[in-house]
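>>> mind folding the following:
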Amino acid sequence: MFSIGDYIMYPMHGAGTIEAIEEREMMGDICNYYVLLIPQNVIRILIPCDKAAQIGVRSIIKMSEVDGVSEILRSASTEMAKIWNRRYRDNLEKLKTGKIAYVAEVVRDLMRVDREKHLSTGEKKMLSNAKQILISELALVCGKGEAECDLLIETAVMAN
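Reported below is the predicted structural model:
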């Protein structure tokens with residue numbers, strides 16, 4: 001269970017702060033919801049408290065884990081399918097888990113594919129979204145701005 005003020009990661013949207021825990025009636029049932037504010041997109045998301053773990057909501061990583069994320073970004077790319085739509089599906093499954101290691105892999109691999117040849121429109125959008133998700137978590141963990149986190153990602157990925 002999370003508390004007001006906790007930083008959490010919501011898969012496919014990014015990291016934010018629990019602003020409130022509210023009781024609401026939805027379709028005749030009364031449930032508690034986390035009100036998550038994601039500052040990068042300036043959006044509020046209602047997350048059912050009893051389904052948060054099932055959805056993949058988790059606490060943000062610790063500062064001690066940032067070096068591991070940087071290592072993933074610098075490491076060799078994962079073998080990916082040659083056909084873009086198969087690559088897209090594989091990467092989407094990784095992003096849906098909400099695990100930072102998978103998000104970092106998707107960002108690294110798509111950035112490198114884009115460097116060698118142009119990505120499809122769908123993959124460009126996926127890269128942008130995955131990068132924003134990664135930036136949102138790193139910004140909260142490190143206490144840095146989006147631009148600094150973006151530079152950290154770019155530098156690490158292009159180091160290889």
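
>>> run a quick check on residue 98 versus residue 13, I expect a contact.
No - look at residue 98 against residue 13 with C-beta atoms under 8 Å: they stay out of range, at 9.4 Å. Bear in mind the C-beta positions are built from the backbone N, C-alpha and C, glycine included.

>>> helix, strand, or coil at residue 81?
Assigned with DSSP: H, G, I helix; E, B strand; the rest coil, residue 81 falls in the coil class.

>>> retrieve the pLDDT associated with it.
If you check residue 81, the pLDDT there is 84.

>>> where's the residue nearest in space to the middle of the chain, which helix or strand?
The structure's the chain has its C-alpha centroid closest to residue 133; by C-alpha atoms, centre = their mean the separation is 3.2 Å. Under the criterion DSSP states H and E, the helix or strand holding residue 133 is helix 121-142.

>>> if we can go back for a sec, what about the closest residue to the residue nearest to the centre of the chain other than its chain neighbours, distance to residue 25?
Nearest residue to residue 133 in three dimensions, chain neighbours excluded: residue 14, at 4.5 Å (C-beta to C-beta, 6 or more residues apart in numbering). Between residue 14 and residue 25 the distance is 28 Å, computed by C-beta to C-beta, to the nearest Å.
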